[in-house]
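K.L.:
Quick one, structure for this:
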Amino acid sequence: MRAGTEALAAGGVPVAAVGLSNQEETIVPWDQRTGAPRGPAVSWQDRRAAMTCRRPRDSHSELAAITGLPLDPYFAAPKLAWLRERTAPVPFLMMTASEVWLRHRLTGSHATAAATASRILRLDLDRGDWSPAPTSPSESIPSTCRRSGPVLVTPG
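P.N.:
Numbering: from 1, shown residues only. Here you go, the predicted structure:
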């Protein structure tokens, strides 16, 4: 935030818009009240959730039909499930894609772009909104992921 603020000040002109590029599958744990990080980010390259992906076999085909993607630790949902299994409940803890955290830091919004939502494995492609997600008695991976805010669907 400091580097961005300094760059904007050095530019000397008002900002009309900001473009944001991110690693959609990277997860950031953060404090919902302050926006401060609450632990290290889990990178899109992190494969520690591979075992998590092997558990809910009964929902794999339904998940792929809804999201268009296979259940794989590359995507955010398995990372979120893996983190939640290893993190003690903390008040106001959010775990979201890096883009959601950055947007919150810049604007206070918890919305996410449709492209990012699709990488979380929770976007229903047919509805263009968060999926209620298939669930199973064994607590499938998608049900461990909470919506982080509205999905912003851009035209085009």
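
K.L.:
Now do the phi/psi pair for the residue positioned nearest the centre of the chain.
P.N.:
Central residue of the chain (C-alpha atoms, centre = their mean): residue 97, 2.8 Å from the mean position. Dihedral pair for residue 97: phi -60, psi 150, per degrees, to the nearest 10.

K.L.:
Same question for residue 63.
P.N.:
Here is the backbone geometry of residue 63 (degrees, to the nearest 10): phi -60, psi -50.

K.L.:
how close does it sit to residue 84?
P.N.:
Applying C-beta to C-beta, to the nearest Å, the value for residue 63 to residue 84 is 17 Å. Quick note: C-beta positions are derived from backbone N, CA and C, even for glycine.

K.L.:
Of these two, which one has the most company?
P.N.:
residue 63 (22 against 16; other C-beta atoms under 10 Å).

K.L.:
Check whether the more buried one really touches residue 71, as I assumed.
P.N.:
Yes. Distance between residue 63 and residue 71: 5.7 Å, which falls inside the contact criterion (C-beta atoms under 8 Å).

K.L.:
I'd like to know how many residues surround residue 45.
P.N.:
Neighbours around residue 45, by other C-beta under 10 Å: 10.

K.L.:
Next, find the distance separating it from residue 27.
P.N.:
Taking C-beta to C-beta, one finds residue 45 at 12 Å from residue 27.

K.L.:
Run a quick neighbour tally on residue 92.
P.N.:
Quick note: residue 92 (other C-beta under 10 Å) scores 10 neighbours.

K.L.:
pLDDT below threshold where in the chain?
P.N.:
Filtered on pLDDT under 70, the chain yields the residue ranges 56-59, 132-156.

K.L.:
Please, where are all the strands along this structure?
P.N.:
27-31, 93-97, 112-113, 123-124, 129-130, 151-152 (DSSP state E).
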